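Engineer: Next come a sequence and a model predicted from it.
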Amino acid sequence: MNPYEVLGVDRSASAEDIKRAYRTAAMKNHPDRNPGDHQAEERFKKVARAYEILSDPSRRDAYDRYGTTEDPGSSAGMGGMHDIFSGFGLDDAMRAFMENFGFSSAGSGPRVVRGEDVTVRVDLDLEEAALGGRREVEVERNVSCAECAGTGADKASGSESCRHCNGTGRVSSVRNTLLGSFRSVNQCNVCGGRGTIPRKLCSSCRGRGFEKKKSTIAVDLPAGLSKGHYIRLRGQGHYPGQGGVPGDLKLLINNVDYGPFKREEDDLVYPLTISYPQAVFGGEFTVPLPDGNSLKIKVGAGTCAGTRFKQKHHGMGRLNRRSRGDLLVEIDIHVPRKVKRSEKELLKKLEESPSFQVKNI
Ligand SMILES: [Zn+2]
Ligand SMILES: [Zn+2]
């Protein structure tokens, strides 16, 4: 079988090209789409086998060099090509297909244990959200046991080889199906794939391999975060013990305090209340900026309520970009609830003077 021919790709095809060709061919010949069509089923299996070879750089390299995927230099401990090929049944093809395209597959062997994620909620002030910054957060999480270095074994008595898998950490089994028998190699579930078992459990962690610890972690905040965003720090979560990999630390933005500002995506709106005469005559006003500084702005004569003055690049930082949104100063005009008698008389005069007449239809 020439895997390049099966997938219809060139020998120089990129990994992405190969994946695309595989996806197309696998979808076309998928048993669900071709019920009862044995030829399609055979093609589906063949396509999966071809992809198995070409998606693995070392096997692809071996095929390119030797025309087979068996490495002639190795002493073929796993049964060699014949077992892999003759045993490649529909189940395996389906499983490969599911795994390659992100479906979960119950039939696959155990994977490396991954620790749980740790979520820390933080509230940000405007400056942190707008411009980014650095936050130190306190986290209580499971870390590798210092006494046994995460192995769970007592230091003095150490570990012994796992008898179930003869210390290899893997067990192989042969399954017979209508489409032939195939060999599968799974992680040993007695030793969890480590190949060793503690003679005596570590007394500090009681064999779990981890202990609770409080730590302070500095997290860089990018500019432009908002409520509900989270920052993921890979491998900074709980350590699951015994050879597993830690989960992630998730810094969840619980809330952002915008103070007097209102956020409109990457822009900030600042309501500036001015008096009625100021609106008529115009003037210079001071508005706050998200970084704590302030800015002087000019309001022209005859400005209506609701007018927005755009101050470019004084808004929120745009997430994952270098630019910033704008600050929009929105004019509101103060209307007194109560006026003195003398003011009332002045207003009465204004009401009747020609510039102050309003016509509605
Ligand atoms: Zn074992
Ligand atoms: Zn320990």
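Structural biologist: On my side now, so go ahead. Numbering: from 1, shown residues only. Ligands and ions are numbered 1, 2, ... in the order given.
Engineer: Walk me through the domains of the chain.
Structural biologist: In the domain annotation for the chain, the residue ranges read 3-100, 109-142+209-257, 262-356 (automatic domain parsing).
Engineer: Buried residues, the longest helix seen in the chain. List them.
Structural biologist: Across the chain, the longest stretch assigned as helix under DSSP state H is helix 38-54. The neighbour-count criterion (16 or more other C-beta atoms under 10 Å) identifies 40-41, 43-54 as the buried residues of helix 38-54. All C-beta spots, glycine's among them, are computed from the backbone N, C-alpha and C.
Engineer: Stretch 7-21 now?
Structural biologist: For stretch 7-21, the neighbour count (16+ other C-beta under 10 Å) marks L7, V9, A13, I18, K19, A21 as buried.
Engineer: would you say the fourth one is within a helix?
Structural biologist: Translated: I18. Yes: counting by DSSP: H, G, I helix; E, B strand; the rest coil, I18 falls inside a helix.
Engineer: ok, back up a step: after the longest helix of the chain, heading C-terminal, what element do we hit next?
Structural biologist: helix 57-66 (DSSP states H and E).
Engineer: give me the beta-bridge partners of K262?
Structural biologist: V269 (DSSP bridges).
Engineer: Could you report the separation of it from G315?
Structural biologist: 11 Å (C-beta to C-beta, to the nearest Å).
Engineer: next one: N29
Structural biologist: Using C-beta to C-beta, one gets 53 Å for the distance from N29 to G315.
Engineer: sorry, back to before: could you export the buried residues of stretch 7-21 to a markdown table, including columns for distance to F182 and pLDDT?
Structural biologist: As requested, these are arranged in a markdown table below (distance: C-beta to C-beta, whole Å; pLDDT from 0 to 100):
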| residue | distance to F182 | pLDDT |
| --- | --- | --- |
| L7 | 22 | 90 |
| V9 | 26 | 91 |
| A13 | 27 | 88 |
| I18 | 23 | 89 |
| K19 | 24 | 88 |
| A21 | 24 | 90 |
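Engineer: mind putting those residues in CSV, distance to G169 included?
Structural biologist: CSV is the format used below for these (distance: C-beta to C-beta, whole Å):
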residue, distance to G169
L7, 33
V9, 35
A13, 34
I18, 30
K19, 30
A21, 35
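Engineer: what about N34, neighbour count?
Structural biologist: When neighbours are defined as other C-beta atoms under 10 Å, N34 has 15 of them.
Engineer: Make 49 the starting number, not 1.
Structural biologist: With the count now opening at 49, the last piece we talked about shows up as N82.
Engineer: got a list of what it touches?
Structural biologist: Taking C-beta atoms under 8 Å, 6 or more residues apart in numbering, we find N82 in contact with A88, E89.
Engineer: any idea how far it is from Y70?
Structural biologist: Here N82 is placed at a distance of 17 Å from Y70 (C-beta to C-beta).
Engineer: Q87 now?
Structural biologist: Noted for Q87: a distance of 18 Å to Y70, by C-beta to C-beta.
Engineer: Start and end of stretch 345-356, how far apart?
Structural biologist: 12 Å (C-alpha to C-alpha, to the nearest Å).
Engineer: contacting residues around that stretch?
Structural biologist: 317, 320, 322, 326-335, 357, 359, 376-381.
Engineer: next one: stretch 238-253
Structural biologist: Contact with stretch 238-253 is made by 158, 160-161, 193-196, 199-210, 212-213, 215-218, 235-236, 255, 257, 259, 289-291, as judged by C-beta under 8 Å, 6+ apart.
Engineer: Whichever of those residues end up buried, select them in ChimeraX.
Structural biologist: In ChimeraX syntax, the buried subset of the contacts of stretch 238-253 is picked out as below (16+ other C-beta under 10 Å):
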select :193,195,196,199,200,201,202,207,210,213,216,217,235,236,255,257,259,289,290,291
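Engineer: can you narrow the contacts of stretch 238-253 to ones near ligand 2?
Structural biologist: C193, E195, C196 (C-beta under 5 Å from the ion).
Engineer: all helices of the stretch 149-298 of the chain, in order?
Structural biologist: For the stretch 149-298 of the chain, the helices defined by DSSP state H, counting those that start in this stretch cover 174-179.
Engineer: Contact residues of it facing ligand 1?
Structural biologist: Within reach of ligand 1 by C-beta under 5 Å from the ion, the stretch 149-298 of the chain has these residues: C210, H212, C213, C236, V238, C239.
Engineer: Against N224, how distant is the closest residue to V383 other than its chain neighbours?
Structural biologist: Leaving out its chain neighbours, the residue that sits closest to V383 by C-beta to C-beta, 6 or more residues apart in numbering is Y324, at 7.2 Å. Computed as C-beta to C-beta, the Y324 to N224 distance reads 91 Å.
Engineer: These two: which is more packed in?
Structural biologist: Neighbours were counted for Y324 and for N224 using other C-beta under 10 Å; Y324 has more, 14 against 10.
Engineer: Mind pulling the model confidence for that one?
Structural biologist: Residue-level confidence at Y324 comes out at 93, pLDDT.
Engineer: right, and it touches D380 too?
Structural biologist: No: using C-beta atoms under 8 Å, Y324 makes no contact with D380, being 11.1 Å away.
Engineer: can you list the residues of the stretch 49-198 of the chain near ligand 2?
Structural biologist: Close to ligand 2, as judged by C-beta under 5 Å from the ion, the stretch 49-198 of the chain has residues C193, E195, C196.
Engineer: now the residues you listed in TSV, with pLDDT?
Structural biologist: Output for those, formatted as TSV (pLDDT from 0 to 100):
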residue	pLDDT
C193	93
E195	92
C196	89
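Engineer: List just the nearest of the residues you listed to ligand 1.
Structural biologist: Using C-beta to the ion, C196 comes nearest to ligand 1 of those, at 18.3 Å.
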